[in-house]
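In: Fold the following for me, if possible:
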Amino acid sequence: MNWRKIILFLIIAFSISWLTAAIIYFSGLEFGTSISTTLIALFYMTAPAIGTVVIQKVIYKQRLSEYGWVWKEIKWKWIFVTIAIAILFVLGTFGATALFGNELGIIEIGLVDFSQENFNAKIIKMLNEAMLNSDINLKIDFESQLKENLISPYLALVGIFIAGIIAAFSINLPFMFGEEFGWRGLLLKETQQMGFLKSNLFIGFFWGIWHAPLILMGHNYPEHPIIGVFMMVLFTTVLSYIFAYCRLKAKSILAPCLLHGMINGTAGGVLFFINGGHPLVSGITGLIGVSVIVLIILTILLFDRNFVKNYKSL
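Out: Now for the predicted structure:
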């Protein structure tokens with residue numbers, strides 16, 4: 001293990017990202033505005049990739065291919081498996097919510113609702129909020145419009161998955177690369193000798209802490225910013241194992257970029273079909289989502305033991 005590379009990477013990635021967050025906070029920019037979002041996209045999210053390139057090309061003058069910058073040798077079968085895992089994660093979240101929320105009545109988990117009435121109500125609320133936040137001074141009766149043009153909730157879910165896949169391959173890809181070339185590129189390769197469990201525990205912890213300024217400013221868990229930091233560390237830690245699996249199976253950094261992009265691209269759509277629940281428990285980024293990820297990890301450990309056994313040499 002090259003600890004000098006690991007430490008340099010963490011210093012560069014955290015310095016650029018946290019400095020960006022500090023500029024946003026102390027300049028009085030409101031989180032979620034176009035300016036703060038642009039700064040986060042251009043500097044915060046790209047910092048891990050910047051650190052990787054600086055260390056590998058400028059300082060060590062070595063090849064980027066060592067960290068997954070590989071395109072010709074991609075195992076495309078595993079790219080499709082990666083997409084399937086993202087979809088399975090979302091469907092598993094619905095399933096777990098239905099079991100523990102709808103059937104067992106655990107209020108904090110929320111309720112799955114694919115009814116037409118619920119879907120229309122969520123769409124109407126979203127459209128009305130969008131109109132209030134825009135400069136367009138129009139009064140539109142969205143409720144009557146939707147009654148004339150009913151959209152099936154199940155068809156909408158399929159559309160969300162399709163849109164998530166398209167976004168993962170396009171608009172989300174450069175930003176996800178900004179993160180993944182660091183976490184699943186340099187840091188994964190340099191900690192691989194720790195083994196599957198310890199390596200991804202290490203990566204997941206720092207990946208989660210790296211998000212801390214965003215969480216404190218209201219990202220993901222706006223009502224619980226402080227405990228939300230701990231929740232994000234838990235979420236990123238368990239997620240790291242699946243990301244590492246896809247990265248090494250596909251032999252390219254493209255796989256975790258797509259997985260990351262699909263999760264980000266579908267997370268908002270999931271909220272159309274889940275009502276209530278505690279934000280730290282319900283949904284993809286809550287404890288229910290974490291439990292689904294753990295089940296996927298256990299499935300990997302059970303059915304692909306060679307991967308875990310040979311992890312250090314992959």
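
In: All the helices of the stretch 1-150 of the chain, residue numbers only.
Out: 3-26, 34-39, 47-53, 76-97, 116-132, 142-148 (DSSP state H, counting those that start in this stretch).

In: One more: the stretch 201-314 of the chain?
Out: Taking DSSP H, counting those that start in this stretch to define them, one finds helices in the stretch 201-314 of the chain at 212-216, 225-250, 254-270, 287-303, 305-309.

In: With distance to W183 as extra columns, can I get the ones you listed in CSV?
Out: Yep, even glycine has a C-beta here, placed from its N, CA and C like the rest. Output for these, formatted as CSV (distance: least, CB to CB, whole Å):
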stretch, distance to W183
helix 212-216, 15
helix 225-250, 8
helix 254-270, 8
helix 287-303, 16
helix 305-309, 19
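
In: what's the most buried one of the ones you listed?
Out: Sort the helices of the stretch 201-314 of the chain by mean neighbour count, taking mean count of other CB atoms under 10 Å, and helix 254-270 sits at the top with a mean of 24.

In: which strands and helices sit next to it?
Out: Here helix 254-270 touches helix 76-97, helix 153-169, helix 173-180, helix 225-250, going by 3 or more CB pairs under 8 Å, 6 or more residues apart in numbering; DSSP states H and E.

In: report the angle between the axes of it and helix 173-180?
Out: With axes from the mean of the first three to the mean of the last three CA atoms, to 10 degrees as the basis, helix 254-270 and helix 173-180 are set at 110 degrees to each other.

In: now helix 254-270 and helix 153-169, what's the angle there?
Out: Using the same axes, to 10 degrees: helix 254-270 against helix 153-169 is 150 degrees.

In: From the chain's centroid, how far away is helix 254-270?
Out: Centroid separation for helix 254-270 versus its chain: 6 Å, with CA atoms, centre = their mean, to the nearest Å.

In: mean confidence score for it?
Out: The average pLDDT for helix 254-270 rounds to 94.

In: swap in stretch 276-291?
Out: In this model, stretch 276-291 has an average pLDDT of 95.

In: now do stretch 223-232
Out: 96.

In: contacts for that stretch?
Out: 208-209, 211-212, 215-218, 220-221, 279-280, 285-287 (CB atoms under 8 Å, 6 or more residues apart in numbering).

In: Quickly compare the helices of the stretch 1-150 of the chain and say which is most buried.
Out: helix 47-53 (a mean of 24).

In: With F100 as the reference, measure out to L234.
Out: Taken as CB to CB, to the nearest Å, the spacing of L234 relative to F100 amounts to 18 Å.

In: Now list the buried members of the contacts of stretch 223-232.
Out: 208-209, 211-212, 215-217, 220-221, 279-280, 285-287 (16 or more other CB atoms under 10 Å).

In: and which of those is nearest T93?
Out: Using CB to CB, G286 is the member of the buried ones among the contacts of stretch 223-232 that sits closest to T93, with 8.8 Å.

In: tell me the phi and psi of that closest one?
Out: phi -100, psi -170 (degrees, to the nearest 10).

In: quick one: contacts for the residue lying closest to it once chain neighbours are set aside?
Out: Closest residue to G286 apart from its sequence neighbours, by CB to CB, 6 or more residues apart in numbering: L280 at 5.7 Å. Applying CB under 8 Å, 6+ apart, we find L280 in contact with Y221, H224, I227, G228, M231, G286, L287.

In: just those residues now: which is nearest R184?
Out: M231 (21.4 Å).

In: follow-up on the earlier one: among the contacts of stretch 223-232, which two are most distant?
Out: Longest span within these, CB to CB: M217 and L287, 22.3 Å.

In: about what we covered before: determine which of the helices and strands packed on helix 254-270 approaches S115 most closely.
Out: Of the helices and strands packed on helix 254-270, nearest to S115 by CB to CB is helix 153-169, at 7.2 Å.

In: tell me which residues of that closest one are tucked away?
Out: Those would be P153, A156, L157, I160, F161, G164, I165, A167, A168, F169, for helix 153-169 by 16+ other CB under 10 Å.

In: Include distance to W3 when you put the helices and strands packed on helix 254-270 into CSV, please.
Out: Conversion of the helices and strands packed on helix 254-270 to CSV gives the following (distance: least, CB to CB, whole Å):
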stretch, distance to W3
helix 76-97, 30
helix 153-169, 33
helix 173-180, 22
helix 225-250, 19
